[in-house]
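Asks: predicted model follows, preceded by the sequence.
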Amino acid sequence: MSTDSALLRLAEQIDGPFMAPLLTMHGIDKRFAGIPALRAAELVVEKGEVHALIGQNGAGKSTMIKILTGYYRKDAGEVLFDGRPAEFSSPQEAQRAGISTIYQEINLVPYRSVTENICLGREKRRFGFLDWPAMHAEARALLARFNIDIDVHRPLMAYPTAVQQMVAIARAIGFEARLVIMDEPTSSLDEREVEVLFGVIRQLKAAGVSVIFVSHKLDELYAVCDRVTIMRDGRTVQVAPLAELSRLDLVTAMLGRELTQVLHDKHNAGDLESEAREPVLKVENLAVSRKVRDVSFEVRPGEIAGLAGLLGAGRTESVRAVFGADKPDAGTVTFAGSANGIAAPSDAIQAGMGFCSEDRKLEGIIPDMSVRENLTLALMPQLARRGIVDEGRSHEIVDRFIKRLGIRCAGPEQRIRELSGGNQQKVLLARWLCMNPKLLILDEPTRGIDVGAKAEILSLIRELAGQGLGVLMISSELEEVVEAASRIFVLRDGYTAAELKGDSVNEQSVMAAMAHGHEDAREKAHG
Amino acid sequence: MAESATTLPPAQGAPRFDIRLALTRYGAWIALALLILVNLAITPNFATWQTLNVNLTQVCTIVIVAVGMTLVIATGGIDLSVGALMAIAGALAPLIFLGKLFPLPHPAVGIALAFVVPVLVAAALGWFNGWLVTRLRIQPIIATLVLFIAGRGIAQVFTNGNLQVFNLPSFQFIGLGRVFGIPFQAILMVVIVAAAAWMLRRTVFGRQILAIGGNEKAARLAGIPVVSVKQRVYLISGLLSGIAGLIVIARNSAADANLVGLGMELDAIAAVAVGGTLLTGGRATVTGTLVGALIIQLVRYTLLANGVPDAAALVAKAVIIVLAVWLQRQSHR
């Protein structure tokens, strides 16, 4: 045991048993295949507090939670639960110790009854048989604490998501949980249901149960949380009572940017020119399921437009709907002069749109195919005469783009899975560029790519825009999007919170819009 | 892993002989060559026309069905209904040329229709499989189980469960005829294999099949009409099953809805697996499937010709399948 832990115990003794935190995670290290996911991360949760855990994608929140609940084993550090060292080897063990987790997707058994779901794993028995009356009564009693009166005999799936979530919480409490972890519990709830959930959280708190609340929606944090732990790049960067931090402080800490940073010296020479042109893409009042409520933006030929926003703001969902990959519920998408003419990706491609997905491996490359086959995938119908691929032309085009984009590979016939991330991304860019598109949508084009390739890709995008291509770029790296884009639309909780252009395109104003834009936008939408 | 911008394949530069790679890529061919050599050494009268013809005719229908199966598996699917579709085609054809379904103006018309109609019906049922898979989004193994179960029943309803016996050389040419001494069915098989292999390599459709099997989400985002490609693939599988069904009844001079194509789905899948097609989709070889079917057939023949009982031959078949799939795994990771 390290001296740290000895000190910690000493501190506990001095503070007395009532002040000892329920959970202390200290100096947690975790590596995956050599890549650090957590570096000396800290998390302290007091008894009966609602503690917000926030951070960008990849900041280490989930890893932290998974270590706590026994999914992963930590490489170093110490976990104290209720004053005792705790290293759980499975989520079941953590649950028995009093830690229950409620995930975004409810992980219950939809076909079984409410009672069975609540009592699963700790069934009551009488003379060796299941004691159903007792279990039903318990289920009803647990739900009654949240003012929920439903027929506990019916299968869980008969009820709306919010009720299912309550059942999940009731189950957690039934296990006499002393710490409930909620991982983005509101992502599938509507506003009224969110209110009910908050009521439940306040009840838990009053009963002395601690809650770790993971969410990307800042308003929700202020509504229920007492303190916040902010993580970035596997480290705990700030711990404070939420009341002491403004939204802007939260965003700043999550993104790791100083507000006083100098404005980027941008070359907006082409902006005035592109301003005069008709937009190639105009999106008005787009709504897609629950993630996108009212989003509007436009892209003009020859400009790079950025979509900024926190995780879950609806950026990816919006562009997927524009490209025809998902079905929008409402709104108008006008592309190249025709309105709502895109029902599938093939329509979008035919009309002159290209889309690089945020997940290169899952939705971009065909791993077993060659560089050449991957590059010409979208072009194939045009490369063929009567259904037969013109291999000569295919080679010609592929050679040209390998040279032009500097794709480093052993040759066009090398399998794409063997290339580095940056070169894979270049092949995917080439997949669209060889179609001569009017608009290119790039969702996180530099994610998981080394610094050199990143710079190459960004300068390539700029060069293409200079030649008249309209580019719509999503990036979670603020610096990147501010530097590349001449106009930025900031999304927040499914609404367009702000449109920034010209001099107002800087990190400061983007962060301010990410933090505050919400109410204004909603009022605008409803007023 | 920090990704460097210059990840070149390890094989670059020094062309070292990689035994593992060679085994996975050419394993099926090597195995076939070895089998032939062993037979030449130990099996009496192996190098004869007779042996070749016996083996070819026994493997023909499996190969024809397995070609369709290869395409289905290449998209990441599977088709369990092929045997039942063979039974349906096999039951329909005699009904047509015997004039039981409708009066025939001329016997030749009956024979022509007996070739065309059953194959088209089988193709339509294959399309129905594709419809279940794409439109209703039923998993392929369940969707094709529908006709696996119902198909043989449908065939029996057509024939009232009767065995249909016939003797009609002009129809039976497909199963019994010879061109320059080579069984016509073997020629048909070679043509189908060649056409499918060419299609998979050279046409847009072939590229789309492999793209869907390799990464369906990416294929859709690249504008590939996933639904129509899959439907066409299941249709082709049905069509080829129909042809195989006709060959079987022509060979037997009888159509028994209970027996035609029985267990064919598993033989076909085995041939595909042994041939080196990835069962998860995305990588497929039609010639490999041909070789796979030949290997399974030759092993069985070798054992039978050397006095090993058929029961033991079945075990040998199972061992080959396990070996082939294990080899594939090696290449994949």
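Replies: Okay, I see it. Numbering: from 1, shown residues only, chains lettered A, B, ... in the order given.

Asks: check which helix or strand covers residue A:283.
Replies: Assigned by DSSP states H and E, residue A:283 falls within strand A:281-288.

Asks: now do that strand: everything it contacts.
Replies: A:292-299, A:314, A:317-318, A:320-322, A:326-335, A:353, A:439, A:470, A:472 (C-beta atoms under 8 Å, 6 or more residues apart in numbering or on different chains). (Glycine included, C-beta is placed from N, CA and C.)

Asks: buried stuff in that strand?
Replies: A:281, A:282, A:283, A:286, A:287, A:288 (16 or more other C-beta atoms under 10 Å in any protein chain shown).

Asks: do the same with stretch A:462-475
Replies: Within stretch A:462-475, judged by 16+ other C-beta under 10 Å, the buried ones are A:464, A:465, A:469, A:470, A:471, A:472, A:473, A:474, A:475.

Asks: now the residues you listed as JSON lines including distance to residue A:25?
Replies: As requested, the buried residues of stretch A:462-475 are arranged in JSON lines below (distance: C-beta to C-beta, whole Å):
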{"residue": "A:464", "distance to residue A:25": "46"}
{"residue": "A:465", "distance to residue A:25": "46"}
{"residue": "A:469", "distance to residue A:25": "48"}
{"residue": "A:470", "distance to residue A:25": "47"}
{"residue": "A:471", "distance to residue A:25": "42"}
{"residue": "A:472", "distance to residue A:25": "40"}
{"residue": "A:473", "distance to residue A:25": "37"}
{"residue": "A:474", "distance to residue A:25": "32"}
{"residue": "A:475", "distance to residue A:25": "31"}
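
Asks: including distance to chain B, pLDDT and secondary structure, could those residues go into JSON lines?
Replies: Below are the buried residues of stretch A:462-475 laid out as JSON lines (distance: C-beta to the nearest C-beta, whole Å; pLDDT from 0 to 100; DSSP: H, G, I helix; E, B strand; the rest coil):
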{"residue": "A:464", "distance to chain B": "19", "pLDDT": "89", "secondary structure": "helix"}
{"residue": "A:465", "distance to chain B": "22", "pLDDT": "90", "secondary structure": "helix"}
{"residue": "A:469", "distance to chain B": "18", "pLDDT": "92", "secondary structure": "coil"}
{"residue": "A:470", "distance to chain B": "19", "pLDDT": "93", "secondary structure": "strand"}
{"residue": "A:471", "distance to chain B": "18", "pLDDT": "94", "secondary structure": "strand"}
{"residue": "A:472", "distance to chain B": "15", "pLDDT": "95", "secondary structure": "strand"}
{"residue": "A:473", "distance to chain B": "17", "pLDDT": "94", "secondary structure": "strand"}
{"residue": "A:474", "distance to chain B": "15", "pLDDT": "92", "secondary structure": "strand"}
{"residue": "A:475", "distance to chain B": "18", "pLDDT": "87", "secondary structure": "coil"}
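
Asks: any stretches of the chain with poor pLDDT?
Replies: Chain wasn't specified; assuming chain A. Filtered on pLDDT under 70, chain A yields the residue ranges A:1-19, A:57, A:104-106, A:188, A:257-276, A:451, A:517-527.

Asks: my bad, chain B
Replies: In chain B, residues with pLDDT under 70: B:1-25, B:328-333.

Asks: what about the strands in it?
Replies: B:164-165, B:178-179, B:182-183, B:254-255 (DSSP state E).

Asks: and the residue most central in space within chain A, its phi and psi?
Replies: By C-alpha atoms, centre = their mean, chain A has its centre lying nearest to residue A:311, at 4.1 Å. With angles defined as degrees, to the nearest 10, residue A:311 sits at phi -60, psi 140.

Asks: distance of it relative to chain B?
Replies: As for residue A:311, its distance to chain B is 21 Å (criterion: C-beta to the nearest C-beta, to the nearest Å).

Asks: about what we covered before: each with direction, which strands does the strand holding residue A:283 pair with?
Replies: When pairing is defined by DSSP bridges, strand A:281-288 lines up against strand A:292-299 (antiparallel), strand A:330-335 (antiparallel).

Asks: the helix or strand following the longest one pairs with which strands?
Replies: Pointing back at strand A:292-299 there. Using DSSP H and E, the helix or strand that follows strand A:292-299 towards the C-terminus is strand A:304-308. For strand A:304-308, the paired strands and their directions (DSSP bridges) are strand A:470-474 (parallel), strand A:487-492 (parallel).

Asks: now strand A:304-308, how far from the chain's geometric center?
Replies: Chain-centre distance of strand A:304-308: 18 Å, with C-alpha atoms, centre = their mean, to the nearest Å.

Asks: same check on stretch A:443-450?
Replies: That offset, for stretch A:443-450, works out to 15 Å (C-alpha atoms, centre = their mean).

Asks: also stretch B:30-43?
Replies: For stretch B:30-43, the distance to the chain centre is 24 Å (C-alpha atoms, centre = their mean).

Asks: for stretch A:63-73, same thing?
Replies: Per C-alpha atoms, centre = their mean, the centroid offset for stretch A:63-73 relative to its chain is 19 Å.

Asks: enumerate the residues of the stretch 201-350 of chain A near chain B.
Replies: Proximity of the stretch 201-350 of chain A to chain B (C-beta under 8 Å from any C-beta of the partner chain) is limited to residues A:323, A:325, A:345, A:346, A:348, A:349, A:350.

Asks: the residue nearest to the centre of chain A touches residue A:216, doesn't it?
Replies: Yes - taking contacts as C-beta atoms under 8 Å, residue A:311 lies within contact range of residue A:216: 4.9 Å.

Asks: count of neighbours near residue A:110?
Replies: 12 (other C-beta atoms under 10 Å in any protein chain shown).

Asks: now do the contacts for the nearest residue to it once chain neighbours are set aside.
Replies: Leaving aside its sequence neighbours, residue A:110 sits nearest to residue A:157 (C-beta to C-beta, 6 or more residues apart in numbering or on different chains; 3.9 Å). Residue A:157 makes contacts with A:110, A:111, A:164, as judged by C-beta under 8 Å, 6+ apart.

Asks: if we can go back for a sec, how about the strands paired with strand A:304-308 in a markdown table, adding distance to residue B:148?
Replies: Converted to a markdown table, the strands paired with strand A:304-308 look like this (distance: least, C-beta to C-beta, whole Å):
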| stretch | distance to residue B:148 |
| --- | --- |
| strand A:470-474 | 46 |
| strand A:487-492 | 49 |
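
Asks: which parts of stretch A:91-111 are buried?
Replies: A:91, A:94, A:95, A:97, A:98, A:99, A:100, A:101, A:102, A:106, A:108.

Asks: ok, now stretch A:450-463?
Replies: Buried residues in stretch A:450-463 (16+ other C-beta under 10 Å): A:453, A:454, A:456, A:457, A:458, A:460, A:461.

Asks: again, but for stretch B:72-84
Replies: B:72-84.

Asks: out of these, which sit inside helices?
Replies: B:72, B:73, B:74, B:82, B:83, B:84 (DSSP state H).

Asks: restrict these to those near chain A?
Replies: Okay, of these, nothing touches chain A (C-beta under 8 Å from any C-beta).

Asks: make JSON lines out of those residues and add distance to residue A:73.
Replies: Output for those, formatted as JSON lines (distance: C-beta to C-beta, whole Å):
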{"residue": "B:72", "distance to residue A:73": "42"}
{"residue": "B:73", "distance to residue A:73": "39"}
{"residue": "B:74", "distance to residue A:73": "40"}
{"residue": "B:82", "distance to residue A:73": "48"}
{"residue": "B:83", "distance to residue A:73": "49"}
{"residue": "B:84", "distance to residue A:73": "51"}
